[in-house]
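Novice: okay, predicted coordinates and the sequence, questions at the end:
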Amino acid sequence: MKRTTKTALLVVTGLLLPFFSNAQGIGSELQSMHGVLEELYDEMIPLCSQLISVGQGIAGFAALWYISSRVWRHLANAEPIDFYPLFRPFALGMCVLMFPSVLGIINGVMKPTVTATAAMVEGSDKAIERLLAEKERAIKETDTWKMYVGSDGNGDRDRWYKYTHDGADPDNEGMVAGIGNDIKFAMSKAMYNFRNSVKEWMSEVLEVLFQAAALCIDTLRTFQLVVLAILGPLVFGISVFDGLQHTLTAWLSRYINIFLWLPVANIFGAIIGKIQEKMLELDLQQIGQAGDTFFSKQDVAYLIFMIIGIVGYFTVPSVANYIVHAGGGSALGQKVTSIFSSTTSGTVQMVGGRSMDTAKSIGNMGSDFNKGLSGQESGSGLSGAVGRSAGYGGAYMADKLTGNKE
């Protein structure tokens, strides 16, 4: 059963390799969707003009009642009429009439917050691209990469043989030893490729989850901004009524609060980008010191920080509420973020657990193969079976060549 499980893990790893290799492309495609949402907002805003006439009608009716009640009260009390408070309905009516311009002023005032925080994310992305290029160049300069990958992707067996046999000439190895060394080289190359890829796989999966979380928040933001913008003239008209003046304040605070989701999300993105920079710098240090990159406690800590950052991404509405408090909460936002947070946590746990199990199996390949090859122990899993087959075949061929076996 244990052999079957390890074999299945290896097969699943091979099947999922194309998905993980395309994870970065998926993340880039998700990131490009933010431009689509921005275009959607620009295309939907003109729809608010359809409610301008409705808002004007409501504002006119409310202004009639508002002015009449105050003028009647002053006349009934034999007081002089105070005209200054009576300008409020006219001012709101002008805002309804020119609502697209009013909305443009609000967006223009708030736009610098988006631009400034987007520059932070762009700077972090450029630093990550630079570090990735440095890491790729550093890896290609290592002896292990030249042995197991090389310029053609198939590795260099002669270089590996000299490295593992103290500079011995590969032309002097025997036929039986050559078969065993071929298997050892293939297994070592597989272990090297997996060891260098598993951290990249996990980081790419987390990158996809991060981009999905960012897209979810941006979609909710765009949807709610469009709804608030379309209903804006109606809100301005209703706010003319006595007792409903707070609707204008509530609408304005809610619009600014939701508008600030994107700047806050950009700050979260810059923080996670800085974590990725630290991971890449750690990889470069490992390559410079050991000639290879591998899992360490620092890598685990950085991955945990990234997971916390992704889950914390859904606190963006709460953080924006610290800046401009809008009474109440968004039931839609809370529901979507709750579902996505639970899904993200489950996916991260599943990917992390499977990756660690598979890494453990791959890490034991060498010892299992050597145990099976020696014949003293059977080894375990697929590697032990390959080692036993190689050991039996080598001993059989040696006996045949010496004449000890018919």
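Specialist: Nice, thanks for sending it over. Residues are numbered from 1 along each chain as shown.
Novice: would you map the helices across the stretch 51-200 of the chain?
Specialist: Applying DSSP state H, counting those that start in this stretch to the stretch 51-200 of the chain gives helices spanning 52-76, 87-97, 99-140, 143-148, 157-164, 175-238.
Novice: those helices: which one's closest to E277?
Specialist: helix 99-140 (5.4 Å; C-beta to C-beta). Placement of C-beta: from N, CA and C, glycine included.
Novice: show me what the closest one is packed against.
Specialist: helix 175-238, helix 246-259, helix 261-290 (3 or more C-beta pairs under 8 Å, 6 or more residues apart in numbering; DSSP states H and E).
Novice: can I get these in a markdown table with mean neighbour count, distance to D169 and mean pLDDT?
Specialist: Shown next, in a markdown table, are those (neighbours: other C-beta atoms under 10 Å; distance: least, C-beta to C-beta, whole Å; pLDDT from 0 to 100):
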| stretch | mean neighbour count | distance to D169 | mean pLDDT |
| --- | --- | --- | --- |
| helix 175-238 | 19 | 13 | 81 |
| helix 246-259 | 18 | 71 | 92 |
| helix 261-290 | 18 | 28 | 83 |
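Novice: pLDDT score for A119?
Specialist: Note on A119: pLDDT of 90.
Novice: which residues touch it?
Specialist: By C-beta atoms under 8 Å, 6 or more residues apart in numbering, A119 lies in contact with nothing.
Novice: can you tell me how far it sits from N266?
Specialist: Between A119 and N266 the computed distance is 9 Å (C-beta to C-beta, to the nearest Å).
Novice: and what of A138?
Specialist: 30 Å.
Novice: same deal with L103?
Specialist: Relative to N266, L103 is positioned 22 Å away (criterion: C-beta to C-beta).
Novice: for burial, what's the neighbour tally of G35?
Specialist: 9 (other C-beta atoms under 10 Å).
Novice: correction: M94
Specialist: M94: 13 neighbours (other C-beta under 10 Å).
Novice: what about the closest residue to E277 other than its chain neighbours, how many neighbours?
Specialist: Computed as C-beta to C-beta, 6 or more residues apart in numbering, the closest residue to E277 that is not its neighbour in sequence is A127, at 5.4 Å. Look at A127: counted by other C-beta under 10 Å, it has 16 neighbours.
Novice: let me know the pLDDT of A127.
Specialist: 86.
Novice: then the one 3 residues further on?
Specialist: According to the model's per-residue confidence, R130 sits at a pLDDT of 88.
Novice: rewinding a little: for the helices and strands packed on helix 99-140, give me a markdown table that also has distance to H34.
Specialist: Formatted as a markdown table, those follow (distance: least, C-beta to C-beta, whole Å):
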| stretch | distance to H34 |
| --- | --- |
| helix 175-238 | 6 |
| helix 246-259 | 15 |
| helix 261-290 | 9 |
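Novice: where does the prediction get shaky in this structure?
Specialist: 1-32, 167, 170, 196, 199, 291-298, 327-406 (pLDDT under 70).
Novice: let's see that with 90 instead.
Specialist: Applying pLDDT under 90 to the chain flags the ranges 1-101, 118, 120-219, 222, 226-227, 229-234, 236-246, 265-406.
Novice: tell me the contacts of I256?
Specialist: I256 is in contact with 106, 110, 324, counting by C-beta under 8 Å, 6+ apart.
Novice: mind checking how far the residue nearest to the first one when sequence neighbours are not counted is from L262?
Specialist: Sequence neighbours aside, Y255 is the residue nearest to I106 in space, at 6.8 Å (criterion: C-beta to C-beta, 6+ apart). Counting by C-beta to C-beta, the separation of Y255 from L262 is 13 Å.
Novice: repeat for S318
Specialist: For S318, the distance to L262 (C-beta to C-beta) stands at 15 Å.
Novice: got it, and M191?
Specialist: M191 is 44 Å from L262, by C-beta to C-beta.
Novice: so the residue nearest to E277 makes contact with E281?
Specialist: No: A127 lies out of contact with E281 (C-beta atoms under 8 Å); the separation is 9.9 Å.
Novice: surely M44 and L228 touch.
Specialist: No: contact criterion C-beta under 8 Å: M44 and L228 do not qualify, at 11.3 Å.
Novice: and of the contacts of I256, the nearest to A270?
Specialist: Nearest to A270 among the contacts of I256, counting by C-beta to C-beta, is M110 at 18.8 Å.
Novice: ok, for that closest one, nearest residue in space, not its chain neighbours?
Specialist: Leaving aside its sequence neighbours, M110 sits nearest to F259 (C-beta to C-beta, 6+ apart; 5.1 Å).
Novice: list the contacts of the one you found.
Specialist: F259 neighbours (C-beta under 8 Å, 6+ apart): 106-107, 110, 221, 225.
Novice: ditto for S69
Specialist: S69 sits next to D242 when contact means C-beta under 8 Å, 6+ apart.
Novice: from E281, how far off is it?
Specialist: In terms of C-beta to C-beta, S69 sits 69 Å off from E281.
Novice: in stretch 43-53, what counts as buried?
Specialist: Under the neighbour-count criterion of 16 or more other C-beta atoms under 10 Å, stretch 43-53 has 44-45, 48, 51-52 buried.
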